[in-house]
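Engineer: pasting the structure only:
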């Protein structure tokens, strides 16, 4: 069954550039010589290292346990020897602890026991398995999945949603996952229905992926309804997706469980099925390598911890005029200063742009045209906020109030920046202000 | 003649309003402690807000209300503290005058770059992505500190490192709270030796990132106990030391302001050449001293065949 969804207010229509890799079947990348596996690949506390320097590890072996309730385990992506444990640069530019493994090429597995007859098993056992497999949200936010699977008792979940919108321009990783692993997604849906005891499951897919809608409709059958979403950025944002399918609005600063909904990325659902049926922990993910600065764009199944430079070498290297690299999509990804950073569970794309793609970054003053007001999916006032922050006034106005009303609710989709005719870096201003508040909080202790 | 009417009307209004003002200023007179005015007079009048009050008058009111039990004015120093104490009739507390110091000498030619920075030219924005330099602790040189400085004492020079002019700095500390990577420190005004590095990375990382980074080798602490090494970076805690001790540093991180101004030490080629020459001289001297201290080795085969 296909139904059509309500369009959310605001949003933009960027050029999608998905044709570069839409048709590229996922290619498994061979295990590189060096794997750098960070302990902080998820939202929440970093994982605690379980191995020592010099230890021999096997593929799928847990090398770090969760460091708290909101945290996730980390596994070795291949077999080899631990050569270093120490701080490395992470894709977001910060430094974090990581385990470096020199692989031996044998790729010896140490998987968990597959769970026999999972639909008769206690849901708690399945949640434990998801936790042990180190599964986190693979859409980018990397929220630990076992936490999502166990919503608090005071906000029961009656509707589960699969996010296959993939509204970020350029990226096609989720699209390929939906085409190639539709059966696994259906299996994952069945598992989630069993674990969470819900009967309503919707799969939201943007209308520009007609083939995926077709395939999933066939695979999911009665298990889930497939909803064709209007093609608009940021349709894949959790709150916008929930509004589009259910018409429910998640209040500011609240999680989707507040309106009885939980959202999983399609790749996360595949990972859940893999962990339960095959005993396979989350040690690889599909990454789209794309952009006009890449010689051979494509979709690759990459071991977690592969350095971007190794992935780029496998993808045919950089073009001559490559200028800038972005990890993630062009809207919400982060510019990378170096390709010596590892691919982690939440990185779905490597985008390399040429000088011709890059617009002049000089910006002017706000001309108060109000386009950003119309584009903001959160109905905020980017133009006023941007001016306050640009003038440095954000440190003087009532911090708590500003944070509560606006900044915490902004999820940095970048729509305001995209539409600004004077190229004002509005979303960058908000990120800056958020970073400032974080550092002030840290200072206060 | 009609011009007289408005003149008379306006004059009349003025007189009435003036009388009313005079009347109400007596009837609704708000008594204010005369010491507030005296204190405001005694304060530096920078209105920087570093004391935590909204300007000097507010601080004076605070002083009177709490009878001096507020943190001392960081700008005025000892002389202001004495005046304040005299007005309030309380004991003088010791105030240490401080100035800001940017603990980084990693100019563009010395510290490796990580990438080029486009977009918002602001330290707070650059810090989100780890900054434009390989060193995570060094000055990013985008000048946030300079914009908050009430006396414009901080400038980012050609090398891309902010330098504080100690003559202009009033010690308010606004730059310290603005710097997103805690690269600025308040140091006593009298201190003449500074360790110009903030890198808390281990030696190997620091070495790779910057030519003038402190690697916590402890050579300076052996020269003078006022040097202290904590969390991978040295600091000077005394007032002054023998200027020659600075040359013990293998990475040229320590500056003695009797010899070189901080600005010259960071920016001037000339000062650097002088510094190199002096350092070589010092090294030669140390070598000679070591050689003299070593017991002379017996020449081989002295004493003939066995």
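Structural biologist: Structure's in. What do you need? If you're wondering where the values come from, they're calculated on a predicted model, not measured in any experiment.

Engineer: Tally up the residues packed near the residue of the stretch 51-200 of chain A found nearest chain B, please.
Structural biologist: Residue nearest to chain B within the stretch 51-200 of chain A: residue A:93 (3.8 Å; C-beta to the nearest C-beta). For every residue, glycine as well, the C-beta is placed using N, CA and C. The number of residues packed near residue A:93 is 22, by other C-beta atoms under 10 Å in any protein chain shown.

Engineer: That one is in contact with residue A:333, isn't it?
Structural biologist: No: at 11.8 Å, residue A:93 does not count as touching residue A:333 under the criterion of C-beta atoms under 8 Å.

Engineer: which residue sits closest to residue 272, ignoring its sequence neighbours?
Structural biologist: I went with chain A, as the question did not name one. Nearest residue to residue A:272, sequence neighbours excluded (C-beta to C-beta, 6 or more residues apart in numbering or on different chains): residue A:188, at 4.9 Å.

Engineer: Let me rephrase: I mean chain B.
Structural biologist: residue B:265 (7.6 Å).

Engineer: Next: residue A:297.
Structural biologist: In space, residue A:297 is closest to residue A:290, 4.3 Å off (C-beta to C-beta, 6+ apart).

Engineer: Isn't that neighbour up against residue A:21?
Structural biologist: Yes: in this structure, residue A:290 is within contact of residue A:21 by C-beta under 8 Å, at 4.9 Å.

Engineer: Would you mind measuring from residue A:239 to chain B?
Structural biologist: Separation of residue A:239 from chain B (C-beta to the nearest C-beta, to the nearest Å): 23 Å.

Engineer: just to confirm, which helix or strand has that residue in it?
Structural biologist: Per DSSP states H and E, residue A:239 falls inside helix A:238-246.

Engineer: Output the contacting helices and strands for that helix.
Structural biologist: If you count contacts as 3 or more C-beta pairs under 8 Å, 6 or more residues apart in numbering or on different chains; DSSP states H and E, helix A:238-246 packs onto strand A:159-164, strand A:200-206, strand A:225-229, strand A:261-265.

Engineer: Now do the buried residues in that helix.
Structural biologist: Buried residues in helix A:238-246, counted by 16 or more other C-beta atoms under 10 Å in any protein chain shown: A:238-246.

Engineer: try stretch A:211-219
Structural biologist: A:212-213, A:215-217, A:219.

Engineer: Please report the distance of the residue nearest to residue B:168 when sequence neighbours are not counted from residue A:118.
Structural biologist: By the measure of C-beta to C-beta, 6+ apart, the closest residue to residue B:168 outside its immediate chain neighbours is residue B:153, 3.6 Å from it. For residue B:153, the distance to residue A:118 equals 68 Å [C-beta to C-beta, to the nearest Å].

Engineer: Check residue A:174 too.
Structural biologist: From residue A:174 to residue A:118 the distance is 24 Å (C-beta to C-beta).

Engineer: out of those two, which sits in the busier spot?
Structural biologist: A side-by-side neighbour count of residue A:174 and residue A:118, using other C-beta under 10 Å, places residue A:174 first with 27 against 19.

Engineer: Mind pulling the model confidence for the closest residue to chain B within the stretch 201-350 of chain A?
Structural biologist: Chain B sits closest to residue A:337 of the stretch 201-350 of chain A, with a gap of 3.5 Å, by C-beta to the nearest C-beta. Residue A:337 is assigned 85 on the pLDDT scale.

Engineer: Which secondary structure state does the closest residue to it other than its chain neighbours sit in?
Structural biologist: Counting by C-beta to C-beta, 6+ apart, residue A:337 lies nearest to residue B:115, which is 3.5 Å off, once chain neighbours are set aside. The three-state assignment at residue B:115 reads coil, by DSSP: H, G, I helix; E, B strand; the rest coil.

Engineer: Per-residue pLDDT of residue B:115, please?
Structural biologist: The per-residue pLDDT reported for residue B:115 equals 80.

Engineer: The one 5 residues further on now?
Structural biologist: The predicted local distance difference test score for residue B:120 is 83.

Engineer: do you know how far the nearest residue to residue A:322 once chain neighbours are set aside is from residue A:320?
Structural biologist: Take residue A:322 and drop its neighbours on the chain: the residue closest to it by C-beta to C-beta, 6+ apart is residue A:293, 3.3 Å away. Separation of residue A:293 from residue A:320 (C-beta to C-beta): 9 Å.

Engineer: so which of the buried residues of stretch A:211-219 comes closest to residue B:213?
Structural biologist: residue A:212 (51.7 Å; C-beta to C-beta).

Engineer: what's the helix or strand for the residue lying closest to the closest one once chain neighbours are set aside?
Structural biologist: With C-beta to C-beta, 6+ apart as the criterion, residue A:212 has its nearest non-adjacent residue at 4.1 Å, and that residue is residue A:178. Applying DSSP H and E as the criterion places residue A:178 in helix A:173-180.

Engineer: list the contacts for the closest residue to residue A:247 other than its chain neighbours?
Structural biologist: Of all residues not flanking residue A:247 in the chain, residue A:6 sits nearest, at 6.0 Å (C-beta to C-beta, 6+ apart). Residues in contact with residue A:6 (C-beta atoms under 8 Å, 6 or more residues apart in numbering or on different chains) are A:243-244, A:247.

Engineer: Next, please give the residue ranges for the strands of the stretch 1-150 of chain B.
Structural biologist: Taking DSSP state E, counting those that start in this stretch as the test, the strands found in the stretch 1-150 of chain B are B:98-102.

Engineer: Chain A contacts on that one?
Structural biologist: For the stretch 1-150 of chain B, the residues found near chain A under the criterion C-beta under 8 Å from any C-beta of the partner chain are B:114-115, B:118-120, B:122, B:124-125, B:127-130, B:132, B:136, B:147-148.

Engineer: Which among these count as buried?
Structural biologist: Of these, these count as buried by 16+ other C-beta under 10 Å: B:114-115, B:119-120, B:122, B:124-125, B:127-130, B:132, B:136, B:148.

Engineer: okay, the residues you listed in CSV with distance to residue A:101 next?
Structural biologist: Listed next are those as CSV, based on distance: C-beta to C-beta, whole Å:
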residue, distance to residue A:101
B:114, 25
B:115, 27
B:119, 35
B:120, 37
B:122, 38
B:124, 36
B:125, 34
B:127, 31
B:128, 29
B:129, 27
B:130, 24
B:132, 31
B:136, 25
B:148, 46
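
Engineer: if I look at the residue nearest to residue B:272, how far off is residue B:240?
Structural biologist: Using C-beta to C-beta, residue B:265 is found at 16 Å from residue B:240.

Engineer: of those two, who's got more company?
Structural biologist: Neighbours were tallied for residue B:265 and for residue B:240 using other C-beta under 10 Å; the higher tally belongs to residue B:265 (23 against 15).

Engineer: and the more buried one, what is it in contact with?
Structural biologist: Contacts of residue B:265 by C-beta under 8 Å, 6+ apart are B:105, B:196, B:255, B:271-272, B:275.

Engineer: Neighbour-wise, which one of those leads?
Structural biologist: Highest neighbour count within the contacts of residue B:265, by other C-beta under 10 Å: residue B:105, with 29 neighbours.

Engineer: for residue A:235, helix, strand, or coil?
Structural biologist: What three-state DSSP gives for residue A:235 is coil.

Engineer: That one: how many residues sit nearby?
Structural biologist: 24.

Engineer: How about the residues of chain A by chain B?
Structural biologist: By the rule C-beta under 8 Å from any C-beta, the part of chain A lying against chain B is A:87, A:89, A:92-95, A:334-335, A:337-338, A:361, A:392, A:425, A:428-429, A:431-433, A:435-436, A:439, A:443.

Engineer: If we use 6 Å, what do you get?
Structural biologist: Residues of chain A lying close to chain B (C-beta under 6 Å from any C-beta of the partner chain) are A:93, A:337, A:361, A:425, A:428, A:431-432, A:435-436, A:439.
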